[in-house]
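# Quick one, fold the following:
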Amino acid sequence: MNEHVYKVIEVVGSSSKGSDDAIERAVAKASESLHNLDWFEVVETRGHLVDGKISHYQVKLKIGFRLD
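Here you go, the predicted structure:
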């Protein structure tokens with residue numbers, strides 16, 4: 001059985017398309033500089049309003065990655 005040790009970081013993704021797209025963007029960006037990404041957890045969802053309408057979504061994630 002492999003025993004892994006993880007590091008956890010927090011990132012915030014944003015998107016004008018929706019919260020799912022904000023999550024995808026955050027994970028994609030984190031994967032550019034980190035490796036062994038294994039999981040994510042949505043911690044917070046919020047957004048920016050303009051004239052009473054949603055302008056863009058912001059999603060805070062915890063991302064876990066295995067240490068070498």
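
# For stretch 20-37, what does the pLDDT average out to?
Per-residue pLDDT over stretch 20-37 has a mean of 97.

# just the strands in the chain please.
6-15, 37-50, 53-66 (DSSP state E).

# Can I get these in JSON lines including mean neighbour count and distance to V27?
In short, each C-beta sits where N, CA and C put it, glycine included. Below are the strands of the chain laid out as JSON lines (neighbours: other C-beta atoms under 10 Å; distance: least, C-beta to C-beta, whole Å):
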{"stretch": "strand 6-15", "mean neighbour count": "15", "distance to V27": "8"}
{"stretch": "strand 37-50", "mean neighbour count": "12", "distance to V27": "6"}
{"stretch": "strand 53-66", "mean neighbour count": "16", "distance to V27": "7"}
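
# Columns distance to A30 on top of those strands, output as JSON lines?
Compiled in JSON lines, those are given as follows (distance: least, C-beta to C-beta, whole Å):
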{"stretch": "strand 6-15", "distance to A30": "6"}
{"stretch": "strand 37-50", "distance to A30": "7"}
{"stretch": "strand 53-66", "distance to A30": "5"}
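
# Which of those sits closest to K29?
For the strands of the chain, distance to K29 was read as C-beta to C-beta. The smallest value, 7.2 Å, belongs to strand 6-15.

# counting contacts, what elements does the closest one pack onto?
helix 19-33, strand 53-66 (3 or more C-beta pairs under 8 Å, 6 or more residues apart in numbering; DSSP states H and E).

# Which one, of these, ends up nearest to E41?
With respect to E41, and counting by C-beta to C-beta, the nearest of those is strand 53-66 at 4.5 Å.

# So what touches the closest one?
4-19, 21-23, 26-27, 30, 34-49 (C-beta atoms under 8 Å, 6 or more residues apart in numbering).

# Describe which strands that strand pairs with in its sheet and in which direction.
Sheet pairing for strand 53-66, assigned by DSSP bridges, gives strand 6-15 (antiparallel), strand 37-50 (antiparallel).

# Only the C-alpha atoms, please, for that strand, written as PDB.
Provided in PDB are the C-alpha atoms of strand 53-66 (Å, rounded to 0.1, in the frame of the first residue of the first chain):
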ATOM      1  CA  LYS A  53     -26.800  40.800 -12.900                       C
ATOM      2  CA  ILE A  54     -24.000  38.300 -12.500                       C
ATOM      3  CA  SER A  55     -20.800  39.600 -14.200                       C
ATOM      4  CA  HIS A  56     -18.500  36.800 -13.200                       C
ATOM      5  CA  TYR A  57     -18.200  33.900 -10.800                       C
ATOM      6  CA  GLN A  58     -15.400  33.400  -8.300                       C
ATOM      7  CA  VAL A  59     -14.700  30.000  -6.700                       C
ATOM      8  CA  LYS A  60     -12.200  29.300  -3.900                       C
ATOM      9  CA  LEU A  61     -10.700  25.800  -4.000                       C
ATOM     10  CA  LYS A  62      -8.400  23.800  -1.900                       C
ATOM     11  CA  ILE A  63      -6.200  21.700  -4.200                       C
ATOM     12  CA  GLY A  64      -4.200  18.700  -2.800                       C
ATOM     13  CA  PHE A  65      -1.100  17.400  -4.500                       C
ATOM     14  CA  ARG A  66       1.300  14.600  -3.500                       C
END
